[in-house]
Every structure is written in C-alpha cells, then in structure tokens.
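1. Structure of the sequence below:
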Amino acid sequence: MAEYYNDFFGDFGGRYVAEILRSPLDELEKEFLKAMSGSDFKNEFNLMAREYTGRPTPLMFAKNATKALGGAEIYIKLEGLANTGAHKINNVIGQCLLARQMGKKRIIAETGAGQHGVAVAAVCARLGFECRIYMGEVDIRRQRPNLFWMELYGAEVVPVKSGSKTLKDAVNEALRDWASSFSHTHYLLGSSLGPSPYPDMVREFQSVIGKEVEDDIKSRNLNVEALIACVGGGSNSIGFFYPFLEKEKPRLIGVEAGGRGSAPGDHASRMGGLGKEGIVQGYKSLFLLDEEGQVQPTHSISAGLDYCGIGPQLASLGQRGRIEFTKALDREALDAVRFFAGHEGIIFALESAHAGAVAMKMAKDISKDKAIIVNMSGRGDKDLFILARELDRDNWIPFLKEEVAQYEE
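-> Sure, this is the predicted structure:
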C-alpha cells in the first residue's frame, strides 16, 4: 500500500486538523486504501472515465506553433476536451465513487476558477448526490459562467464573503461544513493538498493524465526534453508528472502565477524562495506568509492559480530539484492565449496559458529533434469575460451595454 499513501513528503504534508476531523479522515484513508487494493473500484473508475469523461484525451502535435517559434516540437495534452472542460473531473469521479462506497449521501466542495465546482456538480448530478459548493465572492464575479453551469446541474453554490473572498476562504468554509456533517457528507477537495490522505488521493486519480502521456511518448518514439504544467494547488501538474517523478528525464517544469510583479499581493509564486514553511488548512507546505506568519494576499489573472500554498509533494519535489519551478506574468499568459488560438485553433484556460507561455520561451532554445509537452489542463470558455475585457475591450463594452439594456427591457 505504500505506493498509494504517504503521510509526509520529506518535511511536508501531514494531518494537522482539529480532533473532530480525525475520525472522517481516518475513515477516508481506510476506504481509499481498500479501493486501491482491489479491481472493482478501478474498473468502475476506468469505465466512467471512458464513457463519461471521454478518456483518453488527445496528445496533439502543435505543428503551426512549432514552425512559428522554431526549435523544439511542441505537443499539447488536451485535457480541455474532457467532459466539463478540464482535468478536474478525473479526481471528482474517483472521490465520488469513493463517497458512494462509504455510504455518503451529500458532497461538498470548494472551487476557485469554477472548473472543480462544475465537475463536482456534474458528477453529483450523474450519480445522484446532494451537492453544495463554496466559492469566494471575488471568484464568482470573475467566473460567473461557471456559477451558472453549477446551478444548472443542480448544485447549491454558497458565496464566501470572508477574508479575501477567494479559494483559500472557500476551503475554510468547506472544512467548517464538513466538521459538522461528516456522518453523511464527503468533502471533495479539488487539489493535491490538504491533510492526508487528500494529496495521495488526488494525485492517484489525476495520474491518468501522465500515464496516457507516457504511453503516447512510447508509441510515437518522442525524444521529450520537458513536460510543462501550470501549478496552483497542483492537481493537474502532479498527475501529469507522476509517471516520471522517479526518473532522471524528462525535465519537469512547474509554472506558477507571476501576476503583476514580485511585490507581496501581486503574485502567487510560492517556490524559488518566496514561500515560507507553515501549516495552513491541515497540512505543512510552503505558503505566502508575512512576517507574523499570516497568509498574504495573492493575485493572478487566473482564478485557479491565486492560492496561497502549494501541494506538499510538489513542494518537496521542488526542494530536491526534481521539479523546476518558474513563473509567468499575467500579460505573458494573455499573449499565450492569443498565440495558440491564432496558430492552433485552441483556447487555453488562463491557468494553462501560464504553461503555454513558458513553452513559447523554452522552445526556441531546444533543438528541433526534441519535444516539449504542455498540459492544457483546461479550455478557456470559462474565461470569456476576462479575455474579452483584456483582448477586445473596445468592442466588448458596447456589446455588454446593449445586453444589459435588453435585460432591463
């Protein structure tokens, strides 16, 4: 069972929670290990992944982008083609099946950019769970279309008005709910963080991404120099990197939110010396903390990358050098969205566009006989209002005014 469960990753991880949450976490760990030890759970997960999610997702050769940039061949793992538009559904299916195995009737979750929330709402509708999703007021304003989809699937979406009104605060509210309802409720955490066993569970369910990529590399005989993924909490990146973690190659590149700049509150870059060791929301990792140990405000144009901490396994892998961390600025992510839309006819989610931006810079310096693979963890439909404001403001504002006038009529 050791391959599935680690209480700590080096110095990071653990289970730092109030006594009331120890029992549900013990139960969750026990049921997760039980599910992973047999074939029935895995077979059902694989069946649902194939018939409902649409796996495997394609690995696309970006020939036009490759030609335009020169240098390495660029391949894109199109997780945005999965049902609900992002990688999040892989973990959601796994945890919902686990919750059903435990006899739970209700699912709660947090969401930032909304893609996790949409996936949770959709799978709950499919499997018949009562569903409540906590989402910060700031993120609701940024991602209103995803709120609409969650509610259409039948979920109750609770606006979080405390703190920074973003993902960190949504997690806090979900934990408070779970502490009083765990007898019939499962908390479906969306990223590879939190108290154990969540980091292992989320990585395991997201590793389907990396396993498919590994198969594609072998079948196409690709000479891969690097895998590149954006990193918020870390669910897409750890799943993408997983089969390669104990190998020397390829290089693994994690891209954080550089935001507007390096001042506190202007970014969400925890690695490279900016994060400090701390214990937040039930686990030990690297967080953006002030001198008094309080969580700092963060910023990213992408609602999914502005979390204050990073998953404990990713923090450990970064410290030991297996994963190289870098960052992309807001404007670089926007440039990447425009570039890949114009050259390949695909629209990166703003989160994934951070990885695309780094790929654009790296490709030029890598020889043409090598490849780099970017995980497009989601597509940019959800970012329509942000992208329109940033890339087509002069045309978009009159359109919105006309729409508002029609609503008022």
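2. can you give me the helices in the stretch 51-200 of the chain?
-> 63-69, 88-101, 115-127, 137-142, 144-152, 167-179, 198-220 (DSSP state H, counting those that start in this stretch).
3. Could you pull out the buried residues of the first one?
-> By that I understand helix 63-69. Residues of helix 63-69 classed as buried: 65-66, 69 (neighbour count, 16 or more other CB atoms under 10 Å). Yep, even glycine has a C-beta here, placed from its N, CA and C like the rest.
4. before we move on, what about the longest one?
-> Of the residues in helix 198-220, those with enough neighbours to count as buried (16+ other CB under 10 Å) are 198-210, 212-214, 216-217.
5. Adjacent strands (with direction) for the helix or strand following that helix?
-> Once the chain leaves helix 198-220, the next helix or strand it forms, by DSSP states H and E, is strand 224-230. Using DSSP bridges, strand 224-230 pairs in its sheet with strand 251-259 (parallel), strand 371-376 (parallel).
6. one step back: return the member of the helices of the stretch 51-200 of the chain having the minimum mean pLDDT.
-> For the helices of the stretch 51-200 of the chain, mean pLDDT drops lowest on helix 137-142, to a mean of 89.
7. and that one, how far from the chain's centre?
-> Computed by CA atoms, centre = their mean, to the nearest Å, the chain-centroid distance of helix 137-142 equals 17 Å.
8. Look up phi and psi at residue 296.
-> The phi/psi pair for residue 296 (degrees, to the nearest 10) reads phi -80, psi 160.
9. dump the residue contacts of it.
-> Counting by CB atoms under 8 Å, 6 or more residues apart in numbering, residue 296 touches 264-265, 288-290, 308.
10. List every C-alpha atom in whatever helix or strand residue 360 lives in, with coordinates, as CSV.
-> For residue 360, the host element (DSSP H and E) is helix 350-363. Below are the C-alpha coordinates for helix 350-363, written out as CSV (Å, rounded to 0.1, in the frame of the first residue of the first chain):
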residue,chain,number,x,y,z
LEU,A,350,-5.8,31.2,-18.3
GLU,A,351,-4.3,28.8,-15.8
SER,A,352,-3.0,26.5,-18.6
ALA,A,353,-1.8,29.5,-20.6
HIS,A,354,0.9,30.1,-18.0
ALA,A,355,2.4,26.8,-19.0
GLY,A,356,1.9,27.7,-22.7
ALA,A,357,3.8,31.0,-22.1
VAL,A,358,6.8,29.2,-20.7
ALA,A,359,6.7,26.6,-23.6
MET,A,360,6.8,29.5,-26.0
LYS,A,361,10.0,30.8,-24.4
MET,A,362,11.7,27.4,-24.0
ALA,A,363,11.0,26.0,-27.4
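11. which parts of that helix are buried?
-> Neighbour counts over helix 350-363 (16+ other CB under 10 Å) mark 350-360, 362-363 as buried.
12. How about stretch 96-106?
-> Judged by neighbour count using 16+ other CB under 10 Å, the buried positions of stretch 96-106 are 96-100, 102, 104, 106.
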